[in-house]
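# Sequence isn't available, so here's the structure alone:
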């Protein structure tokens, strides 16, 4: 942290306080505006003909009947837009193959739900009727839905330029892994299959485009987490300059990472608008969302841990096979799950002998993408359940085993190259023990077993890579640039506008950025307005994902605010005839330290900046605007989720009794927002653990296309969550904050799995899959588990 940060902490009024969210008023009043609320005169609507086959050649398309339907304006096939550049997903690594994704395919369909034909009409209903009239001659091909089968010789090939179906094969080997395993007294190995899940935000995807013929300006509204990046990518696709394209993310009803990509629909809708010279809208329905948006976390994994008899972990190795789906998601690639999972293999444990293998084969399924916690979730579940398996094999308490191998709280370089910035790793584990009364629980557990009841406790400590900047992304294995920019402007009346490259969709970004700048400039928070989500009105940024808003946008806001602060101090010093170093800004006033009568309203100081003439320092410019960027160092928060459960061996039902979550995200800018993020992430983690799975038939047919077939936890399944906090400030960010939005989803599933395994330890239960449904519990009790 800088000296400026320390000074701000001394005068802080808002940072660290439980400030009510400033953005919620309009939502409570029903004044939010989402993409589907955009209603333009003469607007056309789009529906897509989507493939009913998992893999099939397109022999011919006859759209004549659809074109003849009253109300249909146009029909587009892949041949109609063959001149449009495709999306090409690649990564600057020699192990990674580029994958081409045409906006509408001309050769074949590669998964059920892939968009093949677009029908544009005066209403969505007419467009859907037109889709029914499109006649496509298909030649079905064999499909491959299992990622391991997709890598076998003779497997159906999805893309001719990737004949082995594998987007990437990556290996890492650090230390003396084979020596560690040879010297071990105990080796435990586990194969784990994590189900595909989906972010399923309340608002599905949606795009509206409007082209102004008079100005040559295209406006696009998209439910996205990264409006500037959408503009950068779609402008060349439709042959326009970025300066002629404005992308607006209005109010966004949730994203969870799923909307941090470029989808074909985001390019197609502006393209149709540009060609037809009419405003065009497409709103995804829930079936389309489940079929064809993006799935996440589906992996087949295997890991081994070598240990000495006294419980010291000597080495780790793992193989992570991501189920990529039919394409490599743009821009992250299909490595977004398996590579992060592998990079975090050692986690908080002090082990320097580590190796892993990563594969990312394509299958005839929907593409996979980022979703809260990305592949960290699945990899964490594998490692932490394996740690519990090791504790049982050693007959050692699982908490004792973790504490024995836990790193210290100092900065630490993991075997996989992650530079942790310090934390409260063991302290969080001990705190969770206390919160759940660990010793008392063990006594109650013994009593319950005597009564024929099966209760268990599970611990899941974590370290969360967060605040993705360039260095953090590169450490995980994604060589790319991820800086962001913020502008701060003080108007003549002392009010402040913060323009950020972020894109808020529920995180409370408007509140936290306003807190930071209000403290920095000494103004009241109600006099700060935050603008984001608009590529024209907001400074360029890569958007909101990977727990980066507080870290990256918050630090850039601090720095831009500091530049304005320095101008205010010089003007106030001039007016109050004092050294600028003796001026303080607080609660809307500028005053001289130790001289309470020497004070001026900050609004008066701002007015002088604009209109004060000689009252302003002669060498100071009029502008009260500052723009700063921030590119984060590697940032890592840490903590633990622990829970107790009761398993009904007669019904297979699992009930979570108590749940404790301890978080260390550095300086908490707003504890209320931090806890809200914890609660939401943990709820999603519980869904991953016990309920959620996108299922496909062996032929590649989606079996979970509706919410009748895809189960979420309700408030009845999410218990009361007790929270605890530590604050280990980051040495790299302004204010010392770290990201924390994904930790609950990363760690909660393993806590549940370990608690269930502990409850069923009399049956020798070992968890090897997610979700853990009642029928899986029955198999654990009966000892009839089918290997994954």
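Here it is on my side, so go on. In this text, all values refer to a predicted model and were calculated from it rather than measured experimentally.

# List the residue ranges of the stretch 251-400 of the chain that fall below the pLDDT cut-off.
Across the stretch 251-400 of the chain, nothing is flagged by pLDDT under 70.

# what about the helices in it?
For the stretch 251-400 of the chain, applying DSSP state H, counting those that start in this stretch gives helices covering 264-276, 286-292, 338-343, 376-394, 398-405.

# So what touches the shortest one?
The one in question is helix 338-343. Contacts with helix 338-343, where a contact means CB atoms under 8 Å, 6 or more residues apart in numbering, come from 170, 172, 299, 301, 318, 320-322, 356-360, 374-376, 378-380, 382, 416-418, 465, 475-478. Any C-beta I mention is one placed from the backbone N, CA and C, and that applies to glycine too.

# All the helices of the stretch 51-200 of the chain, residue numbers only.
When secondary structure is read from DSSP H, counting those that start in this stretch, the stretch 51-200 of the chain shows helices at 64-68, 124-133, 147-150, 177-183.

# which strands and helices sit next to the strand or helix carrying residue 219?
Using DSSP states H and E, residue 219 maps to strand 217-222. Contacts defined by 3 or more CB pairs under 8 Å, 6 or more residues apart in numbering; DSSP states H and E place strand 217-222 against strand 206-212, helix 227-237, strand 245-248, helix 264-276.

# Point out the one among these that comes closest to residue 544.
Between residue 544 and the helices and strands packed on strand 217-222, the tightest spacing by CB to CB is seen for helix 227-237, at 9.9 Å.

# Residues in contact with the closest one: which ones?
Residues outside helix 227-237 that contact it (CB under 8 Å, 6+ apart) are 84-85, 87, 103, 220, 222, 224, 241-242, 244-249, 262, 266-267, 270-271, 330-331, 501, 503, 533-535, 538, 540-543.

# Return a PyMOL selection command for the buried portion of the contacts of helix 338-343.
Listed next is the PyMOL selection for buried residues among the contacts of helix 338-343, using 16 or more other CB atoms under 10 Å:
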select buried, resi 170+172+299+301+318+320+321+322+356+357+358+359+360+374+375+376+378+379+380+382+416+418+465+475+476+477+478
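
# who's the nearest residue to residue 497 once chain neighbours are set aside bridged to?
For residue 497, ignoring the flanking residues on the chain, the nearest one in space by CB to CB, 6 or more residues apart in numbering is residue 489 at 4.7 Å. Residue 489 has these beta-bridge partners by DSSP bridges: residue 497, residue 625.

# Identify the residues contacting residue 489.
Here residue 489 is in contact with 496-497, 499, 564, 624-626 (CB under 8 Å, 6+ apart).

# Looking at those, spot the one nearest residue 185.
Nearest to residue 185, judged by CB to CB, of those is residue 499 at 59.5 Å.

# How about the backbone phi and psi for that closest one?
The phi and psi torsions at residue 499 (degrees, to the nearest 10) take the values phi -110, psi 120.

# With the flanking residues excluded, which residue is spatially nearest to it?
Ranked by CB to CB, 6+ apart and with sequence neighbours excluded, the top spatial neighbour of residue 499 is residue 487, at 4.3 Å.

# cool, and residue 697?
The nearest residue in space to residue 697 (CB to CB, 6+ apart) is residue 703, at 5.9 Å.

# wait, that neighbour sits on residue 710?
No. Using CB atoms under 8 Å, residue 703 makes no contact with residue 710, being 9.4 Å away.

# Let me have the contacts of residue 489 in JSON lines, extended by neighbour count.
Listed next are the contacts of residue 489 as JSON lines, based on neighbours: other CB atoms under 10 Å:
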{"residue": "496", "neighbour count": "25"}
{"residue": "497", "neighbour count": "16"}
{"residue": "499", "neighbour count": "23"}
{"residue": "564", "neighbour count": "22"}
{"residue": "624", "neighbour count": "21"}
{"residue": "625", "neighbour count": "17"}
{"residue": "626", "neighbour count": "19"}
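
# Dump the residues you listed into a markdown table; add pLDDT as well.
Below are the contacts of residue 489 laid out as a markdown table (pLDDT from 0 to 100):
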| residue | pLDDT |
| --- | --- |
| 496 | 98 |
| 497 | 98 |
| 499 | 96 |
| 564 | 97 |
| 624 | 95 |
| 625 | 96 |
| 626 | 97 |
